[in-house]
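Participant: Structure here, sequence nowhere to be found:
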């Protein structure tokens with residue numbers, strides 16, 4: 001996806017534009033909303049990132065082994081919205097920032113934790 005290349009190249013406005021075009025074609029793509037949230041996160045636009053991650057979770061709570069939950073928890077932590085104890089997220093588990101960092105490391109293959 002071109003948006004991912006733009007995001008990795010720190011061209012976040014271009015990435016957002018590509019993700020928005022992709023959402024016009026498929027407005028129910030949890031992956032695209034999660035990627036859009038990443039672009040907003042990288043721009044420190046936490047409010048928009050949180051909105052996009054929540055939409056991704058709403059569309060597919062199991063997308064990429066909980067990637068949107070992880071990204072949402074990290075954004076809430078940075079935003080200060082977490083309140084120290086974790087925000088109650090839609091879904092089966094309450095997520096906190098430590099768990100999110102551990103899961104992110106496991107998803108990136110930088111942890112001894114094995115995901116099935």
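Facilitator: Noted; the coordinates are in hand. As the structure is a computational prediction, the values presented were derived from the model and not from experiment.
Participant: burial of residue 20, as a residue count?
Facilitator: Look at residue 20: counted by other CB atoms under 10 Å, it has 13 neighbours. All C-beta atoms are positioned from the backbone trio N, CA, C, and that covers glycine.
Participant: Run through this protein and note the low-pLDDT ranges.
Facilitator: 1, 64, 79-116 (pLDDT under 70).
Participant: run the last query once more with 90
Facilitator: For the chain, the stretches with pLDDT under 90 are 1-12, 61-116.
Participant: the helices in it, which residues?
Facilitator: 2-8, 12-25, 30-42, 46-59, 67-79, 97-107 (DSSP state H).
Participant: Could I get the contacting residues of residue 48?
Facilitator: Residue 48 is in contact with 37, 40, counting by CB atoms under 8 Å, 6 or more residues apart in numbering.
Participant: From residue 24, how far out is it?
Facilitator: As defined by CB to CB, to the nearest Å, residue 48 lies at a distance of 17 Å from residue 24.
Participant: Same check on residue 32?
Facilitator: 10 Å.
Participant: out of those two, which sits in the more crowded spot?
Facilitator: Using other CB under 10 Å, the more surrounded residue of residue 32 and residue 24 is residue 32, with 24 against 8.
Participant: didn't that one look like it was pressed against residue 22?
Facilitator: Yes - counting by CB atoms under 8 Å, residue 32 does reach residue 22; the two are 4.7 Å apart.
Participant: Now for those two: what residues contact both?
Facilitator: Residues touching both residue 32 and residue 22 by CB under 8 Å, 6+ apart: residue 3.
Participant: ok, residue 17 to residue 24 distance?
Facilitator: Distance, residue 17 to residue 24, by CB to CB: 11 Å.
Participant: Same question for residue 70.
Facilitator: Between residue 70 and residue 24 the computed distance is 26 Å (CB to CB).
Participant: which outside residues touch stretch 14-34?
Facilitator: 1-4, 6-7, 35-36, 39-40, 52-53, 55-57, 59-60, 63-64, 67-68, 71.
Participant: Report the buried residues of it.
Facilitator: 14-16, 18-19, 22-23, 29-34 (16 or more other CB atoms under 10 Å).
Participant: Closest to residue 78 out of the residues you listed?
Facilitator: Closest approach to residue 78 among the buried residues of stretch 14-34 (CB to CB): residue 34, at 16.6 Å.
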